[in-house]
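>>> turn this into a structure:
(one chain, ligands or ions: 2)
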Amino acid sequence: TGSLTVGELANKLNKEPSEIIKKLLMLGVMATINQDLDKDSIELIAGEYNVEVEEEIVFEITDFEGYDSEDSTEVLEERPPVVTIMGHVDHGKTTLLDSIRNTKVTAGEAGGITQHIGAYQVEVDQGKKITFLDTPGHAAFTTMRSRGAQVTDITILVVAADDGVMPQTVEAINHAKAAEVPIIVAVNKMDKEAANPDRVMQELTEHGLVSEAWGGDTIFVPLSALSGEGIDTLLEMILLVAEVEEYKANKNRAATGTVIEAQLDKGRGSVATLLVQKGTLRVGDPIVVGNTYGRVRAMVNDLGRRVKEAGPSTPVEITGLNEVPQAGDNFLVFADEKTARNVGEARAQKQLQEQRSEKSRVTLDDLFEQI
Ligand code: GDP
Ligand code: MG
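Ligands and ions are numbered 1, 2, ... in the order given. Predicted structure coming up:
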């Protein structure tokens with residue numbers, strides 16, 4: 001990011017460090033070999049050798065030092081699993097999400113008003129939490145994965161017991177398999193007379209999902225999203241898988257994560273739901289989100305309450321961004337606002353250029369098509 005030590009600069013210029021130190025002295029700068037040089041000094045020295053400095057700007061947030069840095073195992077702490085619900089249309093995804101939310105979020109807690117922010121967290125037994133992504137259909141997988149974001153730890157595959165495996169069921173299985181995410185099968189609508197769970201088990205066998213009862217390793221939970229029967233078992237199974245997979249994160253670092261959804265609000269401006277994946281996000285943090293940036297002005301949790309901080313696996317809605325980011329964008333907190341702005345602006349600039357070249361390419365293609 002434009003910073004070099006004297007030694008590194010000497011190396012790049014193919015000169016002895018002592019020579020660079022001398023030059024710096026002549027320019028009135030006292031420096032040692034391991035000293036970081038600012039941009040102006042680098043340019044001055046390079047100019048002495050008729051070398052032009054091309055500033056290297058890092059565009060991908062994921063390339064930033066710190067973004068993906070492996071946290072040593074001692075600093076990792078258990079975090080809630082992040083769960084997505086997938087399945088064929090009308091098999092009961094929305095009903096299940098609502099039902100889980102309503103049984104676990106006490107009305108008093110939410111003050112009667114449940115905020116829709118695209119994700120929510122429930123507390124099961126002994127304070128163990130589960131985060132559910134509430135994004136419609138397969139969006140969480142398709143949009144986000146196409147943008148390289150991986151947010152889901154576990155997929156709940158909803159299959160209606162009276163309907164069986166359908167095209168979107170298969171599609172969902174393929175998405176989950178491609179992402180190497182464990183699948184728990186929720187055999188829904190068990191309250192219906194026509195429910196036939198054996199058929200569901202049979203059909204899913206053909207797609208590599210064999211129930212434990214039949215000697216496989218896929219967890220099947222019969223339930224009714226409508227009556228609520230079996231939902232507690234489903235939640236327990238999610239915690240069981242989480243225990244085996246050991247989802248962990250370091251909460252004591254600059255926050256990073258992914259945009260779940262975002263939109264422009266008349267009164268509040270750019271509003272984005274972020275899933276914090278590592279670190280702790282705090283009000284006031286300078287942040288780069290996709291191609292935009294800002295400072296976290298306010299944070300609201302899934303219960304509509306203002307919060308000051310949010311740790312790993314927590315969804316929060318934030319305001320304070322300059323523009324509206326896109327679902328699937330990464331975010332990263334920076335130590336200072338200036339860096340966040342520089343990175344954000346550079347990324348926006350690059351996106352603009354890409355869009356322009358895309359456009360000119362399209363017109364060229366169009367031209368050839370006409371010939
Ligand atoms: P989605 O398209 O997967 O989100 O499905 P919905 O949640 O919208 O459900 C589709 C229809 O199935 C709605 O009329 C629900 O009331 C109904 N439904 C969902 N779950 C159950 C269930 O467990 N039992 C019964 N009888 N109906 C259900
Ligand atoms: Mg739905």
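
>>> need the contact partners of stretch 33-48.
In this structure, residues lying in contact with stretch 33-48 by C-beta atoms under 8 Å, 6 or more residues apart in numbering are 2-7, 9-10, 13, 17, 20-21, 23-24, 27, 29, 31, 52-53, 55. Backbone N, C-alpha and C define where each C-beta goes, glycine included.

>>> ok, the nearest residue to V51 once chain neighbours are set aside to N50 distance?
Of all residues not flanking V51 in the chain, L13 sits nearest, at 6.3 Å (C-beta to C-beta, 6 or more residues apart in numbering). Distance of L13 to N50, computed by C-beta to C-beta, to the nearest Å: 10 Å.

>>> out of the two, which sits in the busier spot?
When neighbours are counted by other C-beta atoms under 10 Å, L13 and N50 differ, and L13 comes out ahead with 17 against 6.

>>> just the buried ones from the contacts of stretch 33-48?
When neighbours are counted using 16 or more other C-beta atoms under 10 Å, the contacts of stretch 33-48 contain these buried positions: 4-6, 9-10, 13, 17, 20-21, 23-24, 29, 31, 53.

>>> of those, which belong to helices?
V6, L9, A10, L13, P17, I20, I21, K23, L24 (DSSP state H).

>>> pick the one among the residues you listed closest to A186.
L9 (59.3 Å; C-beta to C-beta).

>>> ok, now which ones touch the closest residue in space to R79 that isn't next to it in sequence?
Counting by C-beta to C-beta, 6+ apart, the nearest residue to R79 once its immediate chain neighbours are dropped is P312, at 4.0 Å. Under the criterion of C-beta under 8 Å, 6+ apart, the contact partners of P312 comprise E77, R79, P80, A249, N250, K251, V276, Q277, K278, G279, T280.

>>> what do you get if the cut-off is 6 Å, keeping everything else the same?
P312 makes contacts with R79, A249, K251, V276, K278, as judged by C-beta atoms under 6 Å, 6 or more residues apart in numbering.

>>> need the residues you listed in a markdown table (columns: pLDDT and distance to A160).
Compiled in a markdown table, the contacts of P312 are given as follows (pLDDT from 0 to 100; distance: C-beta to C-beta, whole Å):
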| residue | pLDDT | distance to A160 |
| --- | --- | --- |
| R79 | 96 | 32 |
| A249 | 94 | 35 |
| K251 | 92 | 39 |
| V276 | 97 | 34 |
| K278 | 93 | 37 |
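
>>> quick one: which of those residues sit in strands?
Judged by DSSP state E, strands contain the following of the contacts of P312: A249, V276, K278.

>>> quick check, the first one in contact with P81.
No: contact between A249 and P81 fails when scored by C-beta atoms under 6 Å: they sit 11.4 Å apart.

>>> contacts for stretch 167-179 next, please.
When contacts are taken as C-beta under 6 Å, 6+ apart, the neighbours of stretch 167-179 outside the stretch itself are M86, G87, H88, F141, T155, L157, V159, I183, H207.

>>> what does stretch 249-262 give?
The contact list for stretch 249-262, computed with C-beta under 6 Å, 6+ apart, reads 66-67, 71, 75-76, 79, 118-119, 149, 151, 272-281, 311-312, 324-325, 327, 329-333.

>>> the nearest residue to D191 once chain neighbours are set aside: helix or strand, and which one exactly?
Distances taken as C-beta to C-beta, 6+ apart put S224 closest to D191, at 4.2 Å, once the chain neighbours are dropped. If you go by DSSP states H and E, S224 is not part of any helix or strand.

>>> report the rounded mean pLDDT for the host helix or strand of V288.
Mapping V288 onto the secondary structure by DSSP H and E places it in strand 286-289. The average pLDDT for strand 286-289 rounds to 94.

>>> strand partners (parallel or antiparallel) of that strand?
Based on DSSP bridges, the pairing partners of strand 286-289 within the sheet are strand 292-300 (antiparallel), strand 330-333 (antiparallel).

>>> where among those is average confidence lowest?
Between the strands paired with strand 286-289, the one with the least mean pLDDT is strand 330-333; it has a mean of 92.

>>> residues from the stretch 51-200 of the chain in reach of ligand 1?
If contact is defined as C-beta under 6 Å from any ligand atom, the residues of the stretch 51-200 of the chain in contact with ligand 1 are G87, V89, D90, H91, G92, K93, T94, T95, N188, K189, D191, K192.
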